[in-house]
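In: Let's see this in three dimensions:
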Amino acid sequence: MELYNLNKDNLEEVRLVPFKLEKDIQALVEKNTESIFEFEFIETEFVVEKYRIDTLCFDLENNSFVIVEYKKGSSYSVVDQGMTYLQLMLNNKADFLLKLSQHKGKVLEMKDVDWSQSKIVFVAESFNSYQKDSVNFDNLPFELWEIKRFSNNTIVFNKHKSNSKESIGSLTDSKKSNAFSEINKEVKVKIYRVKAEDKNLGKILKQYDIIVDGTDNFKAKFLLNKFSLKYKKKLVIGAISKFEGHIFTFDFDIKKSPCLKCFYQGEPAEGVLDCETDGILGSTAVITGGLQANEVLKTILNVGKNLNSHILIIDLLNLKFRKVLFRKRKGCICENI
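Out: Residues are numbered from 1 along each chain as shown. The predicted model follows:
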């Protein structure tokens, strides 16, 4: 395709003007991150461990970090570098959060960032077919942007769009399903690749009889509690931190059954059951999950006693197990159900 500039009825050819240096592309993009990507510029040449990140940005819409890398030539793998930088970010969250806090001028917490939405953006004058095909999946956190400069001072940015409906998850999900089928052919696995939110969780949970919590934050647990209560489901909750685990079982077919908000009126105070900052002993997760599975099996088989109206508190540091009774709280969301 030929491009021309119209000047008093005369056509003047518009030529492609390549960038001489990678730094020229970087300087242009960093001055215009909001206009091009709708990202907030945070830092240039951000150093973490032995790596130097070209540009660090923040996606305000998704509350997530974005790493922007610039390339001249095509002799590199976007997947290799992308995965390396994603791992770097997730293994050094504190460094990234500190830099964002300094930029914002206020102290931020881990929960202020949605780390699951992190992504890597590559900007180059062109990408070869191998590079484009390597990211041709629906859910890879990598974006390829081509930049072109022309002799009439026009700059064109073009985002490479995936034309595939396949995702990395869909390839691995089938393997997971097959693994369960090898153990028990009656087991059917359905994986929902969506974030647990108010707008979608109810439609999913209403299809099932028993809901088992495996989430790592109380916002999600309260949503599970809300919809399990609404659709009168059986709900098994687990919460862990350090050496301690809490297990609940609720049967919302029973009118006298309390709910999670009868025990936790709101999210626990900072530092309480906070695995993000406190860490978790691996065996705490294993034992808590095992006890949750045991509650499910007893419910299915209708044998023994479950924890309805009780919390089981396990303290692996002192090898203590406590079973504590609690009742419906006046004014709770479950009071009139």
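In: now the strands for the stretch 101-250 of the chain?
Out: Residue ranges of the strands in the stretch 101-250 of the chain, as given by DSSP state E, counting those that start in this stretch, are 119-124, 142-149, 155-159, 210-212, 234-241, 244-251.
In: May I see these organised as TSV, with mean neighbour count added?
Out: No exception for glycine: its C-beta is placed from N, CA and C like everyone else's. Output for the strands of the stretch 101-250 of the chain, formatted as TSV (neighbours: other C-beta atoms under 10 Å):
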stretch	mean neighbour count
strand 119-124	23
strand 142-149	19
strand 155-159	12
strand 210-212	18
strand 234-241	23
strand 244-251	24
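In: Ok, which of those comes nearest Arg329?
Out: Of all the strands of the stretch 101-250 of the chain, it is strand 244-251 that lies closest to Arg329, at 13.4 Å by C-beta to C-beta.
In: Only C-alpha atoms, please: export the closest one in PDB.
Out: Output of strand 244-251 as PDB, limited to C-alpha atoms (Å, rounded to 0.1, in the frame of the first residue of the first chain):
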ATOM      1  CA  GLU A 244      -3.700 -22.200  62.100                       C
ATOM      2  CA  GLY A 245      -6.700 -23.300  60.200                       C
ATOM      3  CA  HIS A 246     -10.500 -22.700  60.500                       C
ATOM      4  CA  ILE A 247     -13.100 -25.000  59.000                       C
ATOM      5  CA  PHE A 248     -16.800 -24.400  58.800                       C
ATOM      6  CA  THR A 249     -19.700 -26.400  57.400                       C
ATOM      7  CA  PHE A 250     -23.000 -24.800  56.700                       C
ATOM      8  CA  ASP A 251     -26.300 -26.400  55.600                       C
END
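In: when you give positions from now on, start the count at 27
Out: With the count now opening at 27, the last piece we talked about shows up as strand 270-277.
In: List the contacts of whichever helix or strand comes after that strand.
Out: Following strand 270-277 in sequence order, the next helix or strand is helix 286-289 (DSSP states H and E). Here helix 286-289 makes contact (C-beta atoms under 8 Å, 6 or more residues apart in numbering) with 247-248, 251, 261, 263, 274, 276, 337, 352-355, 358-360.
In: again, only this time at 6 Å
Out: Helix 286-289 is contacted from outside by Asn251, Ile263, Phe352, Lys354, Arg355, Cys358, Ile359, using C-beta atoms under 6 Å, 6 or more residues apart in numbering.
In: tell me the mean pLDDT for that helix?
Out: Mean pLDDT, computed over helix 286-289, is 91.
In: thinking again about what came up before, of the contacts of helix 286-289, just say which sits nearest to Leu327.
Out: Ile263 (20.2 Å).
In: which residues touch the closest one?
Out: Ile263 makes contact with Asp239, Phe274, Leu286, according to C-beta under 6 Å, 6+ apart.
In: So which of those is the closest to Val322?
Out: Using C-beta to C-beta, Asp239 comes nearest to Val322 of the contacts of Ile263, at 11.1 Å.
In: Now do the helices in the stretch 27-176 of the chain.
Out: 48-56, 59-63, 104-117, 119-130, 155-160 (DSSP state H, counting those that start in this stretch).
In: any low-confidence regions in the stretch 177-326 of the chain?
Out: 188-209, 294-304 (pLDDT under 70).
In: quick one, helices of the stretch 177-326 of the chain?
Out: 194-209, 224-231, 244-256, 286-289, 301-304, 308-327.
In: just checking, what packs against the third one?
Out: In terms of contacts (3 or more C-beta pairs under 6 Å, 6 or more residues apart in numbering; DSSP states H and E), helix 244-256 is packed against helix 224-231.
In: list the buried ones in the helix it packs on?
Out: The neighbour-count check on helix 224-231 (16 or more other C-beta atoms under 10 Å) flags Leu227, Leu231 as buried.
In: so what does it touch, helix or strand wise?
Out: On a contact count with 3+ C-beta pairs under 6 Å, 6+ apart, helix 224-231 meets helix 244-256.
In: Any idea which of the helices of the stretch 27-176 of the chain gets closest to Tyr30?
Out: Closest among the helices of the stretch 27-176 of the chain, once you apply C-beta to C-beta, is helix 48-56, at 24.0 Å.
In: Centre of the chain to stretch 29-47, how far?
Out: Centroid separation between stretch 29-47 and its chain, computed with C-alpha atoms, centre = their mean, to the nearest Å, is 44 Å.
In: likewise stretch 250-268?
Out: So, by C-alpha atoms, centre = their mean, the centroid of stretch 250-268 is 21 Å from its chain's centroid.
In: End to end on it, go ahead and measure it.
Out: 23 Å (C-alpha to C-alpha, to the nearest Å).
In: Let's see the pLDDT reported for the residue nearest the centre of the chain.
Out: A centroid search over the chain (C-alpha atoms, centre = their mean) returns Ser142, at 2.3 Å, as the residue closest to the centre. On pLDDT, Ser142 comes in at 86.
In: ditto for the one 5 residues further on
Out: We have a pLDDT of 94 for Val147.
In: For it, give the beta-bridge partners.
Out: Val94, Glu169 (DSSP bridges).
In: again with Ala265
Out: Beta-bridge partners of Ala265, as defined by DSSP bridges: His272.
In: again, but for Leu32
Out: Leu37.
In: go on, Arg348?
Out: Residues in beta-bridge contact with Arg348 (DSSP bridges): Ile339.
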